[in-house]
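Q: can't give you the sequence, but here's the structure:
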């Protein structure tokens, strides 16, 4: 794990023994999460920690229910011994999503495996926020019941809007019609004081977190996620960490102004990027009003499948619409690559569904239009997580609180607390 | 200091005693640098380190020539005692700048005080890079001779172009006409193997570093510097750290595409932000060809002073030119505030010279056009460092290597090494 994400990051300006131990607990846990079960000796060799330290750390992680020990490791050069592994069963992290036409919840274990999932169609924009969140709270309860006895460590809720993370308030979500909504306060109340932290975050931010997590470090530390929907959302990972800005409002890349004389945007400006590169722009160009692909009552994935079918069949109007949108996609993406110099641009949302056309256009466009040579080294990839990315990121973020600071958890067995753990 | 900037950041994934000590040495040094001389007891109280640790750290810092001890502190509640202070005289950090019409060098001590300065007019674009760097190397030698016996800890060179930090190569500087120039290799050779690190960085990045340093943390951790020159440069500080991107090319904000049908830009695209908000756009609108304010042979500061004089006198063409440029400044700046959500936008370069007109326009424009309410909390400020910002940032960056990792320095007195310093 990156030292920056350790418990050394947040506290006072001095690092002491306690902080070092917390950091090293997280290092061992992260190592097991990423690389799977292995012996204490192997953990020591691979992390550079000494064996006695690893043993002491493992004792504490056992005490906290975060690792298991038992199976025999074979195939190494030394004699077989006990191996330790991340314990997926003790704790559960909850990710939830409120979106325009659905509500959904997943529960995952600390390994990131999904152990329960709930999803219902829901016309959020037509509903009172309280009613929507009451329904969501029900889904959370159902998902936890399905997940079994694992103790929930946190719930992160993804929303398509501007979020004030510190207060858990949704400042503005144009496409939901929500404004100044105390989502976290309402959810805590509706869940009856759940006893675990509830956090609100922007869907594109969380999707970017899921993308970098899914790539396991192979993509580098600088990733730009472009999610095409009615809006164009973005999640920016810089030097391995989500860019949030001073108040948590960063990442509103759909509101780059690319045409000052352009169409009105929901944000109050004209000619924002999402008015020309978003799904609305594609569908307006691709079909007349009344065409099913423009019918908001038809499931979005079905409409996109139909657009793709037409493009594959060589329909000229559809291909021209994709082409026009791709030109704008390139314009804004090249600007952002000039600003961020990412290792990779990941296409999500409808860009991913139509990636066959967007990926080559974007690759060529970045090579031609980015100021730095060779597009600054930037690759173009397609999200493999699809529309579930935000919720996966939400669950991962809920898990991170524990994975990055295992000391935050209580001991499961009080007798363990007296063994080998310094204050 | 932020734990992230400590020596704990760069190394392996585990933190050990040596790393903790290095970190704490940097904490004490940074505390003295920011807050001035004080007793060991006071350092302990203010940093949270225990007194014995502080004494041991101070011994090491004394041994490394980084602090002095001696003057008596008065006025506290306890009895007067020895105070320690950052030693400004032992080490020197060098900042240099290669720009379109000048070369310059400053030498500063570790407190950031400028102790020597050299600046000469130089037509860089008309010169061979080797000749320009030979001249710069001469300035470095002269400045160090003026600075006295302080040992140089590093030289950072600011250039207006795309830099590959890892190799010290200037990839492209359109306005200098330089391309693929191994600036660091050439300088090391021309300085005769100087024995201290030589580093190349982008001028806007370094200027942003200087701005956040000059604000001493009061501006928050997220700052966006917009420097108006022939190009529009940007330095982005996110969560207290300069945003560099995967290959160090980040921050090319002048190449946001704001008008796809606009003017040709040196980067190969059309309608980049700097073609409409840069100095060239202002001067073209403000005066006919042949007017002295458009004469590249006249000193830039003099031309800008004349533009300001005309605006102050109410000249309608000048005011209209400023107004038109301000409209574009707002368009791009609001886009960037949507993306970054900074605490503050700092205007530098010609925007600062004409800040009387640009600041109110930008404040109003951000309030109206940024998607988040209240411009996401973003303030507008004017750089107080002027055109020297990049060089100040360069010297500060050279000093940071020592301030953040005092262990990198040799002991001045070998006998000190045996006292109180663990391996």
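A: Structure received. This one's a predicted model, so the numbers in the text were calculated from it and none came from an experiment.

Q: Work out for me the element residue A:323 sits within.
A: Take DSSP states H and E as the rule and residue A:323 turns out to sit in helix A:316-340.

Q: Show me what that helix packs onto, helices and strands only.
A: Under the contact definition 3 or more C-beta pairs under 8 Å, 6 or more residues apart in numbering or on different chains; DSSP states H and E, helix A:316-340 sits against strand A:223-228, strand A:232-238, helix A:273-277, helix A:279-286, helix A:300-312, strand A:344-349, helix A:355-369, helix B:316-340. Placement of C-beta: from N, CA and C, glycine included.

Q: Lowest average pLDDT across these?
A: Lowest mean pLDDT within the helices and strands packed on helix A:316-340: strand A:232-238, a mean of 89.

Q: Throw the helices and strands packed on helix A:316-340 into CSV and include mean neighbour count and distance to residue B:291, thanks.
A: Compiled in CSV, the helices and strands packed on helix A:316-340 are given as follows (neighbours: other C-beta atoms under 10 Å in any protein chain shown; distance: least, C-beta to C-beta, whole Å):
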stretch, mean neighbour count, distance to residue B:291
strand A:223-228, 28, 43
strand A:232-238, 28, 43
helix A:273-277, 27, 37
helix A:279-286, 20, 43
helix A:300-312, 17, 54
strand A:344-349, 26, 44
helix A:355-369, 18, 34
helix B:316-340, 22, 10
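
Q: tell me the domain boundaries of chain A?
A: A:3-87, A:91-206+A:388-404, A:220-383 (automatic domain parsing).

Q: Let's have these in a markdown table, adding distance to residue B:54.
A: Formatted as a markdown table, these follow (distance: least, C-beta to C-beta, whole Å):
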| stretch | distance to residue B:54 |
| --- | --- |
| domain A:3-87 | 10 |
| domain A:91-206+A:388-404 | 29 |
| domain A:220-383 | 31 |
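
Q: out of those domains, which comes closest to residue B:399?
A: Nearest to residue B:399 among the domains of chain A is domain A:3-87; the distance by C-beta to C-beta comes to 18.5 Å.

Q: Quick one: mean pLDDT over the closest one.
A: 75.

Q: Which residues are in contact with the nearest residue to residue A:252 once chain neighbours are set aside?
A: Leaving aside its sequence neighbours, residue A:252 sits nearest to residue B:338 (C-beta to C-beta, 6 or more residues apart in numbering or on different chains; 4.0 Å). Applying C-beta atoms under 8 Å, 6 or more residues apart in numbering or on different chains to residue B:338 gives the contacts A:252, A:253, A:255, A:256, B:370, B:371, B:372, B:376.

Q: which one of the residues you listed is nearest residue A:202?
A: Looking across the contacts of residue B:338 and measuring by C-beta to C-beta, the closest to residue A:202 is residue A:252, at 8.8 Å.

Q: Count the neighbours of the closest one for me.
A: The number of residues packed near residue A:252 is 29, by other C-beta atoms under 10 Å in any protein chain shown.

Q: Residue of the stretch 151-300 of chain A nearest chain B, please.
A: residue A:245 (2.6 Å; C-beta to the nearest C-beta).

Q: what about that residue, which SS state?
A: Put simply, residue A:245 is coil when judged by DSSP: H, G, I helix; E, B strand; the rest coil.

Q: Return the backbone torsion pair for it.
A: Dihedral pair for residue A:245: phi 80, psi 180, per degrees, to the nearest 10.

Q: you'd agree it is up against residue B:376?
A: Yes - applying C-beta atoms under 8 Å, one finds residue A:245 in contact with residue B:376, separated by 6.9 Å.

Q: and the stretch 51-200 of chain A, which residues reach chain B?
A: A:162, A:171, A:172 (C-beta under 8 Å from any C-beta of the partner chain).

Q: shared neighbours of residue A:245 and residue B:376, which are they?
A: B:341, B:342.

Q: circling back to that earlier point, output the helices and strands packed on helix A:316-340 in a markdown table, with distance to residue B:273 appended to each entry.
A: Formatted as a markdown table, the helices and strands packed on helix A:316-340 follow (distance: least, C-beta to C-beta, whole Å):
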| stretch | distance to residue B:273 |
| --- | --- |
| strand A:223-228 | 19 |
| strand A:232-238 | 18 |
| helix A:273-277 | 14 |
| helix A:279-286 | 22 |
| helix A:300-312 | 33 |
| strand A:344-349 | 20 |
| helix A:355-369 | 14 |
| helix B:316-340 | 4 |
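
Q: Nearest to residue B:301, out of those?
A: So among the helices and strands packed on helix A:316-340, helix B:316-340 is nearest, using C-beta to C-beta, at 16.8 Å.

Q: Off-centre distance for the closest one?
A: Once both centres are worked out by C-alpha atoms, centre = their mean, to the nearest Å, helix B:316-340 turns out to sit 24 Å from its chain's centre.

Q: would you turn the contacts of residue B:338 into a markdown table with distance to residue B:400 and secondary structure?
A: Output for the contacts of residue B:338, formatted as a markdown table (distance: C-beta to C-beta, whole Å; DSSP: H, G, I helix; E, B strand; the rest coil):
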| residue | distance to residue B:400 | secondary structure |
| --- | --- | --- |
| A:252 | 32 | coil |
| A:253 | 31 | helix |
| A:255 | 35 | helix |
| A:256 | 32 | coil |
| B:370 | 32 | coil |
| B:371 | 35 | coil |
| B:372 | 32 | coil |
| B:376 | 29 | helix |
